[in-house]
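Novice: Sequence first, then the predicted structure:
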Amino acid sequence: MEINTLIEQFKSLDLSKYPKDEILSLFRQAGDIGYVIVTFHRGKSVMRARPNSNGERFEKRSNYSYKPQQYNKTYQRASTPNQTMFYATTIPENLQPGELNNMRVIGVAETVPMLRDATKSGIQKISFGRWYVHEDIHMLAIVQKDKYYQESSYTRELADAYSRFIKSNSAEVVERSLAFTSFLADEFAKEKIRDDYDYMISALFTELVINKGLDGVLYPSVRVGGRGFNIAITPEATSKLGLYVAGECSIYKNKGRAAIDNDAIVELGGTEDEFKLVELEKHEQECLRIIGVNSIDDLK
């Protein structure tokens, strides 16, 4: 099938009807497509963020890992109801001046919807786990050239490498690959999400990727405008990671202003299943001053 016709068929699907079989059928018709594979080597760090609720505290390795499959009921950007995934944020090794250099910022943006709404105020606790790679992790990179090319030198590096690679193939493969990977990049970069079905195409594509033997996918973070990156890897691939730092923070937000206070932290050896967070000195009043309020009650 002509690639642009195939893409239009994807776009014409009524995702609210959860057309899983139709999506998979269209993927099978895509033919030869070139992709970029990225490998994270030993020592690379990634960060997992998870909001706390109702006073809960996370003091187990599993709390900072993937959602257990029995609780995984919906489509997410890179996971299906049949396949839970470990999500984490990351930044490139060779950052350029002015580029986003804080994985925690990406994690907060990805997991705390309140921060994305300038009309909202409140307090949210959030926990972070810093993981380090022990064994190579291989992922398919979603190259978002059209939308985020100027936002990150790493995106430019991936996009330029992909362009050089793909041009060594036949004209037909080049045309198909450029068109189809641009379509996939747009699916992974969706911002307006009505329900979990809006993630079906990117989620089912990820499932196909891991069924081919890869550990997962890497893609730009929509929530920070492509200035940082997310990974989604299989539960099995988390055996290639070690958890070395766990911590808890409080986010104070007054509409368009926010401050973060570090509440507790613990350094680990990479293999502990359970541990105790160590309380840190609180700076609540300073955070409130930064966001322009006098008391917690002003944020309710």
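Specialist: Cool, the structure landed.
Novice: Which other helices and strands does the lowest-mean-pLDDT helix or strand in the chain contact?
Specialist: Per-element confidence for the chain was summarised using mean pLDDT, DSSP states H and E. The lowest value among helices and strands belongs to helix 145-148, with a mean of 79. Using 3 or more Cβ pairs under 8 Å, 6 or more residues apart in numbering; DSSP states H and E as the contact criterion, the elements in contact with helix 145-148 are helix 153-166, helix 171-188. The C-beta positions use only the backbone N, C-alpha and C, and glycine is treated the same way.
Novice: Relative to the whole chain's centre, how far out is it?
Specialist: Its chain's C-alpha centre lies 17 Å from the corresponding centre of helix 145-148 when counted by Cα atoms, centre = their mean, to the nearest Å.
Novice: Show me what it is in contact with.
Specialist: Here helix 145-148 makes contact (Cβ atoms under 8 Å, 6 or more residues apart in numbering) with 155, 159, 162, 182, 185, 186, 189, 220, 225, 226.
Novice: in the stretch 1-150 of the chain, which spans are strands?
Specialist: If DSSP state E, counting those that start in this stretch is used as the criterion, the strands of the stretch 1-150 of the chain fall at 36-40, 45-51, 86-90, 121-133, 137-141.
Novice: Pick the most deeply packed of these.
Specialist: The highest mean neighbour count among the strands of the stretch 1-150 of the chain, using mean count of other Cβ atoms under 10 Å, belongs to strand 86-90: a mean of 24.
Novice: for that one, packing partners?
Specialist: Strand 86-90 makes packing contacts with strand 45-51, helix 103-111, strand 229-233 when contacts are defined by 3+ Cβ pairs under 8 Å, 6+ apart.
Novice: between those, which one is nearest to residue 77?
Specialist: Of all the helices and strands packed on strand 86-90, strand 229-233 sits nearest to residue 77, with 7.3 Å by Cβ to Cβ.
Novice: need the contact list for the nearest residue to residue 23 once chain neighbours are set aside.
Specialist: Across the structure, with Cβ to Cβ, 6 or more residues apart in numbering as the measure, the residue nearest residue 23 apart from its sequence neighbours is residue 204 (5.3 Å). Contacts were defined as Cβ under 8 Å, 6+ apart; by that measure residue 204 touches 20, 23, 24, 27, 80.
Novice: Which ones among these map onto helices?
Specialist: Mapping the contacts of residue 204 onto helices (DSSP state H) picks out 20, 23, 24, 27.
Novice: returning to what we had before: please produce CSV containing the helices and strands packed on helix 145-148, extended by mean pLDDT and distance to residue 64.
Specialist: Listed next are the helices and strands packed on helix 145-148 as CSV, based on pLDDT from 0 to 100; distance: least, Cβ to Cβ, whole Å:
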stretch, mean pLDDT, distance to residue 64
helix 153-166, 87, 25
helix 171-188, 89, 24
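Novice: which stretch among those comes nearest residue 39?
Specialist: With Cβ to Cβ, the closest approach to residue 39 among the helices and strands packed on helix 145-148 belongs to helix 153-166: 12.6 Å.
Novice: what comes up buried for that closest one?
Specialist: 154, 155, 156, 158, 159, 162, 166 (16 or more other Cβ atoms under 10 Å).
Novice: coming back round to it: right, and the helices and strands packed on helix 145-148 - which one's nearest residue 266?
Specialist: Taking Cβ to Cβ, helix 153-166 is the member of the helices and strands packed on helix 145-148 nearest to residue 266, at 30.4 Å.
Novice: show me the contacts for the residue nearest to the spatial centre of the chain.
Specialist: Residue closest to the average C-alpha location in the chain (Cα atoms, centre = their mean): residue 230, at 3.0 Å. Residues near residue 230 by Cβ under 8 Å, 6+ apart: 77, 78, 87, 88, 89, 90, 106, 110, 218, 219, 220, 221.
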